[in-house]
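Participant: Got a sequence here, can you model it:
(4 chains)
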2 protein chains.
Amino acid sequence: MNKNITEIYNLIQDLSWYFGNQGFDGECCEDLSLVEYMALKKVCGMKDIIIQEIGTALNITKSGVSKVIDRLEEKNYVLREQSSKDGRVCCVIPTVKGLNAVKKISDRYSEYLLEVLDSVEQDSLVNIRDVMELLYKAIREKGYIRKN
Amino acid sequence: MNKNITEIYNLIQDLSWYFGNQGFDGECCEDLSLVEYMALKKVCGMKDIIIQEIGTALNITKSGVSKVIDRLEEKNYVLREQSSKDGRVCCVIPTVKGLNAVKKISDRYSEYLLEVLDSVEQDSLVNIRDVMELLYKAIREKGYIRKN
DNA sequence: AATAATAGTTGATGATGGAAACTATTATTT
DNA sequence: AAATAATAGTTTCCATCATCAACTATTATT
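Facilitator: As a prediction, the model looks like this:
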């Protein structure tokens, strides 16, 4: 096994732990859990996104998404709207509160990262961004790792 | 807000989702959940690690760790051993099964990553590793992001 | 018109982590 | 040395949350 690859894998995994559920004690920010925030981000990032698209993007079942959206709707971050083209389909729309929350949380993380990367040169930042982009694109293309 | 920083943050977060709990449908590999695997990795990586050290490393309470170790012990991945120096302290030791499991899962992930990064040059791999290392070290030094 | 397929919701269930109370052991104080 | 405080870990109770399977409503196909 390529040594670099194994090291990269270990680093991604450890890094991911920081940005996963354990990274902030249960709550992501405000009253949002991580999955709620991730779903809200998808909702804010795509016009008229539907339940199943959120599920595919986040790799959770439609049943799970339905409940996440329940919670987001209860807390007034999103609205449900029946599709005019297909009565079965449920479009999810962000509220102003939802849009603001994503912005605020994103800023807070960015600020954290800014402190973390305080001493890094601007050139290196570009390199870091490029590497992360390469990694993410490649992994997204490949799809989620499968059990078998 | 620095544009690169925000982009890096978003990429890390999305990448982390793939390597977090949603990345593999509940199970990490074999019969291990992600947190169980992460704890097992810590146990395998440090001689006579104690409950609280695992908790600090993974940012979960000692109560939580105790239960994770319960499960790992039930499944024969680790053993508990009272410290000879301090009767209150509980050292956690990996079994052969535990060591093998970490090796196997690590290899499986590495293989996945190898496929993902198939077309990337060796030089770039080194760069990727360096970037991830820089990121991880900086974040680990800074500590987990806090709620407030 | 009848049947199949699809989108989403709901109820039951299981996994899991935290808070606080508890036990056992060690350290400190008087 | 005895009493008290501090510490490590465990356990009980509870809340969160995701999945499976059954269900409803709507649309597509036969």
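Participant: What's the separation between the residue most central in space within chain A and B:Gly87?
Facilitator: By Cα atoms, centre = their mean, chain A has its centre lying nearest to A:Met38, at 3.5 Å. Going from A:Met38 to B:Gly87 by Cβ to Cβ, to the nearest Å gives 45 Å. Heads up, the C-betas are built off the backbone N, CA and C, glycines and all.
Participant: Excluding chain neighbours, what is closest to the residue nearest to the centre of chain A?
Facilitator: Nearest residue to A:Met38, sequence neighbours excluded (Cβ to Cβ, 6 or more residues apart in numbering or on different chains): A:Leu58, at 5.8 Å.
Participant: What about the one you found, how many residues nearby?
Facilitator: Counted with other Cβ atoms under 10 Å in any protein chain shown, the neighbours of A:Leu58 add up to 18.
Participant: Would you quantify the distance from the residue nearest to the centre of chain A to B:Ser66?
Facilitator: 29 Å.
Participant: How many neighbouring residues does the residue nearest to A:Gln22 when sequence neighbours are not counted have?
Facilitator: The shortest distance from A:Gln22 to any non-neighbouring residue, by Cβ to Cβ, 6+ apart, is to B:Asn59 (4.7 Å). By other Cβ under 10 Å, the residues close to B:Asn59 number 17.
Participant: near chain B at all, the strand or helix carrying A:Tyr136?
Facilitator: Assigned by DSSP states H and E, A:Tyr136 belongs to helix A:122-142. Yes. For a cut-off given as Cβ under 8 Å from any Cβ of the partner chain, helix A:122-142 has contacts with chain B, namely A:122, A:124-129, A:131-136, A:138-142.
Participant: same thing with stretch A:88-101?
Facilitator: No. Against chain B, stretch A:88-101 shows no contacts by Cβ under 8 Å from any Cβ, the least distance being 14.8 Å.
Participant: near DNA strand C, anything from that stretch?
Facilitator: Yes. Stretch A:88-101 reaches DNA strand C (Cβ under 7 Å from any atom of the strand) through A:Arg88, A:Val89, A:Cys90.
Participant: Please identify the buried residues of that stretch?
Facilitator: Neighbour counts over stretch A:88-101 (16 or more other Cβ atoms under 10 Å in any protein chain shown) mark A:Cys90, A:Cys91, A:Val92, A:Pro94, A:Thr95, A:Gly98, A:Ala101 as buried.
Participant: What is the burial count for the spatially closest residue to A:Tyr18 that is not a sequence neighbour?
Facilitator: Excluding the flanking residues, the one nearest A:Tyr18 by Cβ to Cβ, 6+ apart is B:Ile139, at 5.5 Å. Using other Cβ under 10 Å, B:Ile139 is surrounded by 21 other residues.
Participant: measure B:Ile139 to DNA strand D for me?
Facilitator: For B:Ile139, the distance to DNA strand D equals 23 Å [Cβ to the nearest atom of the strand, to the nearest Å].
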